[in-house]
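*Asks:* Following is a predicted model, sequence given first.
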Amino acid sequence: MSVTAMPSPRTPSMRNRVSMAEWETRVQLAALYRIAAQQGLEDLTYNHFTARVPDAKDHFLIKPTALLFSEVTASNLCCYDLDGNLIYETEHTSSPAGFLIHASVLQARPDVNATIHLHTTAGAAISTMECGFKFVAQVSTRFHDQVAYHGYEGLVHDEDECPRLVRDLGNKRVMFMQNHGTLVTGRSIPECYLLHYFLERSCQIQLAAMSTGQKVHEPSPEERAILAQGWAENRTGNRNELVGDRDFAAMVRVINKIDRSYME
């Protein structure tokens, strides 16, 4: 068996080629990939996270498909417009599935500035279950009235699926893609990270509770609506309050102690 060497994930710095707003977003998105790797969420070279470029709203950043999360840096992220055009020449590109899923959401939802799509064991397991996501844990209640579902259509290689994916997501924050995985949206990278973290924890708790075979208590929709107000992003009159900055900063401190090369 021959082994073909891949180009190095280290690329010339983009710092002086892009605006300060784009560079800061690149660093933050690269940090998100490294945090996900540190938390064991890498699925070989698959899955993607994206972030909209703040001063060019029709541009977004995404991981090159050939790279692991742990190889992503601020400079080797790809930048596309929402029509699929690569903005800067790079040695890597992103897969059609990676582009289609995320670009369709960013195009349809101007309120969304970051997305996370993963195939975690817990998230993918819940996506297969007829009962769907259950609000069995306190942390689950933050997703009251914020969960969508998208039926399985096979590998996402065709843009024909995009309108149905966007339709099914609607104005929700998170979506289970049947027999596939999860899609999480956020108004910022830290918010998207926090929502994914707690969605994953909720899925893990649900699977653990259901595996006991015991009857599982789930708060009523009325109870959940009240409990949901305990989370900042759900509080009436507080819709503009972003969440996640504190916890994301804490995780950045963790990865900075391990490897700061994502900033390159």
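*Replies:* Cool, got the structure.

*Asks:* Can you list the buried residues in the lowest-mean-pLDDT helix or strand in the chain?
*Replies:* Lowest mean confidence among the helices and strands of the chain (mean pLDDT, DSSP states H and E): helix 96-108, at a mean of 85. For helix 96-108, a neighbour-count test (16 or more other Cβ atoms under 10 Å) marks Ala97, Gly98, Phe99, Leu100, Ile101, His102, Ala103, Ser104, Val105, Leu106, Gln107, Ala108 as buried. To be clear about C-beta, it is placed using only N, CA and C from the backbone, and glycine gets the same treatment.

*Asks:* Who are the contact partners of the fifth one?
*Replies:* Which is Ile101. Residues near Ile101 by Cβ atoms under 8 Å, 6 or more residues apart in numbering: His48, Thr115, His117, Val156, Cys162, Leu165, Leu183.

*Asks:* Tabulate the buried residues of helix 96-108 in TSV, adding columns for distance to Ser19.
*Replies:* Shown next, in TSV, are the buried residues of helix 96-108 (distance: Cβ to Cβ, whole Å):
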residue	distance to Ser19
Ala97	29
Gly98	24
Phe99	22
Leu100	26
Ile101	26
His102	21
Ala103	21
Ser104	25
Val105	23
Leu106	18
Gln107	21
Ala108	25
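
*Asks:* With respect to Val18, which of these is nearest?
*Replies:* Leu106 (18.1 Å; Cβ to Cβ).

*Asks:* if I pick the closest one, what's in contact with it?
*Replies:* Thr50, Arg52, Phe60, Leu82, Val112, Thr115.

*Asks:* again, only this time at 10 Å
*Replies:* 50-52, 57-60, 80, 82, 112-115, 185 (Cβ atoms under 10 Å, 6 or more residues apart in numbering).

*Asks:* Next step: those residues restricted to strands.
*Replies:* Thr50, Ala51, Arg52, Lys57, Asp58, His59, Phe60, Tyr80, Ala114, Thr115, Thr185 (DSSP state E).

*Asks:* Tabulate those (TSV), appending pLDDT and distance to Gln206.
*Replies:* Below are these laid out as TSV (pLDDT from 0 to 100; distance: Cβ to Cβ, whole Å):
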residue	pLDDT	distance to Gln206
Thr50	97	27
Ala51	98	29
Arg52	98	31
Lys57	93	36
Asp58	95	37
His59	97	37
Phe60	96	31
Tyr80	93	35
Ala114	98	25
Thr115	98	23
Thr185	97	21
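
*Asks:* in the protein, what spans have low per-residue confidence?
*Replies:* 1-10, 91-97, 156-158, 236-240 (pLDDT under 70).

*Asks:* Please enumerate the helices of it.
*Replies:* Using DSSP state H, the helices of the chain run over 20-38, 96-108, 121-127, 162-169, 189-211, 221-228, 245-258.

*Asks:* Looking at the contacts of Ile101, which is nearest Arg142?
*Replies:* For the contacts of Ile101, the minimum distance to Arg142 (Cβ to Cβ) is 16.7 Å, reached by Leu183.
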